[in-house]
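[1] Structure for the following, please:
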Amino acid sequence: MKILVIGLDCAAPELLLGDERLVNLRRLMAAGGYGRLESVVPPITVPAWMCLATSQDPGSLGVYGFRNRADHSYGGLTVATSRSIQELAIWDQLAREGKRSVIIGVPPSFPPRKVNGICVGCFLTPDPVTDDYTHPGGVKDEIAKLVGEYETDVKGFRTGDKGWLRDAIFRMSRKLFQVVRHFVAKNDWDYFQFVDIGLDRVHHGFWRHHDPTHLLHEPGSPFADVIRDYYLHLDGEIGRLLALLDDETIVLVTSDHGARKLDGGFCVNEWLVREELLALTEYPKAITPFGKLSVDWGKTKVWSEGGYYARVFLNVRGREPNGTIAPGDYEHFRDEMKGRLEATVPGTLVFKPEELYKTVRNVAPDLIVHFGGLAYRSVGGVGYPSLTVQENDTGPDDCNHAQYGAFILAGPRWPAVGELSGVRLLDLSPTLLELGGYDVPSSMQGRSLAGVAGTGGSVLSEEAERVIRDRLSGLGYIG
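    Model (predicted):
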């Protein structure tokens with residue numbers, strides 16, 4: 001039984017599941033199960049894709065975002081790489097049974113993972129031209145012969161040149177699907193997973209043109225249809241890909257998180273300075289990133305890292321080099337900070353890692369904050385005249401991530417169950433393993449959806465399989 005996972009980074013359920021023009025995806029929906037998919041906290045590309053692949057939450061992976069504290073010093077933020085993930089992924093589980101996998105663009109996959117099969121690096125690849133981004137190394141040359149210069153991301157996608165951005169994203173995606181079809185057709189795989197990062201880039205670049213409720217919406221924009229056109233593009237590419245599969249293939253289409261309009265940014269470190277929780281030896285004369293501020297750590301109690309969500313750190317005596325909060329006061333002070341942060345922007349959600357995760361590994365933030373329920377990003381710089389801003393500290397950006405993405409699952413041993421609710425990102429790998437006839441490791445935190453779909457986790461009878469296969473054939477899913 002083969003398994004194909006089509007990853008659409010940032011796919012929004014209302015668009016992926018609600019557009020009748022997406023005929024190939026509609027056929028999959030009619031043939032199986034689909035619905036909203038609850039992501040992890042935080043709903044960020046890294047670590048969310050590996051949470052899916054391992055069925056482990058971020059705390060158990062010890063990865064809380066793209067950058068993580070390596071220790072309790074003040075400057076030790078390291079970038080997550082493929083080597084940051086130590087837990088076994090679904091393709092590792094299958095390798096134990098001698099099965100081969102092809103992994104293309106699944107973050108983080110640079111340096112390329114040494115899988116039993118093929119791995120092609122993700123958007124974190126510094127430069128596909130000069131860097132070795134594939135395993136085995138010869139796959140890089142094979143890709144170059146196929147598409148020329150392979151693109152793992154759109155360089156400089158935070159730009160005001162929307163015409164250029166649109167064309168670059170579509171070009172990158174077409175190359176990706178050409179590579180994917182090439183390796184799918186070679187037929188030397190049992191598990192295949194890839195991620196199209198272009199959908200995320202389209203959302204961030206064009207949401208204000210697409211969404212009339214966006215605060216910066218531009219009526220009559222020539223880019224109003226770019227997002228919906230990209231979904232149509234993906235549907236066509238997926239249709240060509242499905243035509244290469246046999247009738248013994250399980251197909252999962254999934255996102256790591258959703259998308260929502262971005263109303264602005266909350267200047268979290270500016271707020272901490274004004275609340276006399278973050279002390280500076282000198283207030284900057286211009287807007288200054290946190291890493292370039294002159295912080296008086298001996299008088300500082302709290303600081304934060306910006307991004308789509310905020311990671312808030314407490315300066316604890318005996319833990320940080322110049323800690324100011326007594327260990328005995330830690331919980332009381334953290335509760336106080338939780339309440340104060342919740343009061344900043346209406347709808348703000350504040351989480352304690354140990355209340356979210358089964359295990360908390362490595363150096364976790366003391367608090368995780370979704371300002372306005374992710375309506376606002378977290379702005380880390382200082383020097384802003386107000387606490388809420390429209391501009392983005394990292395360049396033009398129209399959307400934030402949303403807690404709910406989407407999934408569609410179809411294939412043998414999986415009946416046409418229609419819409420399912422309550423499905424979590426962590427449930428997908430156990431489900432795929434069980435449907436594929438493999439053992440589900442007890443370490444996985446999600447639960448298989450096989451029982452939810454009414455199969456009871458058991459193999460269907462030959463007659464039941466025949467009926468489902470006939471149904472899939474009639475829907476055009478299999479030939």
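[2] tell me the secondary structure for residue 355?
    helix (DSSP: H, G, I helix; E, B strand; the rest coil).
[3] From residue 306, how far off is it?
    23 Å (Cβ to Cβ, to the nearest Å). In short, each C-beta sits where N, CA and C put it, glycine included.
[4] Between those two, which has more neighbouring residues?
    residue 306 (21 against 7; other Cβ atoms under 10 Å).
[5] I'd guessed that one sits against residue 269; true?
    Yes. If you go by Cβ atoms under 8 Å, residue 306 and residue 269 touch, sitting 7.4 Å apart.
[6] what sits in contact with each of those two?
    Counting by Cβ atoms under 8 Å, 6 or more residues apart in numbering, the shared contacts of residue 306 and residue 269 are 290, 379-381.
[7] If you rank those residues by neighbours, which is first?
    Within the shared contacts of residue 306 and residue 269, residue 379 tops the neighbour count with 30 neighbours, counted by other Cβ under 10 Å.
[8] Could you tell me the per-residue confidence at it?
    The per-residue pLDDT reported for residue 379 equals 95.
[9] Quick check: beta-bridge partners of it?
    residue 267 (DSSP bridges).
[10] So it sits against residue 268, correct?
    Yes. Using Cβ under 8 Å, residue 379 is in contact with residue 268, at 6.7 Å.
[11] any common contacting residues for these two?
    With Cβ under 8 Å, 6+ apart as the test, residue 379 and residue 268 both reach residue 306.
[12] if we can go back for a sec, quickly check the shared contacts of residue 306 and residue 269 for the two that are furthest apart.
    290 and 379 (9.7 Å; Cβ to Cβ).
[13] list the residues that contact both of those two?
    In terms of Cβ under 8 Å, 6+ apart, residue 290 and residue 379 are both contacted by the residues 269, 306.
[14] so where do the helices sit in the stretch 351-479 of the chain?
    353-356, 428-435, 462-474 (DSSP state H, counting those that start in this stretch).
[15] now the chain
    Listed in chain order, the helices of the chain (DSSP state H) span residues 13-16, 23-31, 45-54, 58-61, 90-95, 138-147, 162-186, 198-210, 226-242, 268-274, 330-342, 353-356, 428-435, 462-474.
[16] The ones you listed into JSON lines, with extra columns for mean pLDDT and distance to residue 102?
    Formatted as JSON lines, these follow (pLDDT from 0 to 100; distance: least, Cβ to Cβ, whole Å):
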{"stretch": "helix 13-16", "mean pLDDT": "98", "distance to residue 102": "23"}
{"stretch": "helix 23-31", "mean pLDDT": "97", "distance to residue 102": "20"}
{"stretch": "helix 45-54", "mean pLDDT": "98", "distance to residue 102": "14"}
{"stretch": "helix 58-61", "mean pLDDT": "98", "distance to residue 102": "23"}
{"stretch": "helix 90-95", "mean pLDDT": "97", "distance to residue 102": "9"}
{"stretch": "helix 138-147", "mean pLDDT": "97", "distance to residue 102": "10"}
{"stretch": "helix 162-186", "mean pLDDT": "97", "distance to residue 102": "5"}
{"stretch": "helix 198-210", "mean pLDDT": "96", "distance to residue 102": "19"}
{"stretch": "helix 226-242", "mean pLDDT": "98", "distance to residue 102": "13"}
{"stretch": "helix 268-274", "mean pLDDT": "98", "distance to residue 102": "41"}
{"stretch": "helix 330-342", "mean pLDDT": "98", "distance to residue 102": "43"}
{"stretch": "helix 353-356", "mean pLDDT": "97", "distance to residue 102": "33"}
{"stretch": "helix 428-435", "mean pLDDT": "97", "distance to residue 102": "15"}
{"stretch": "helix 462-474", "mean pLDDT": "48", "distance to residue 102": "23"}
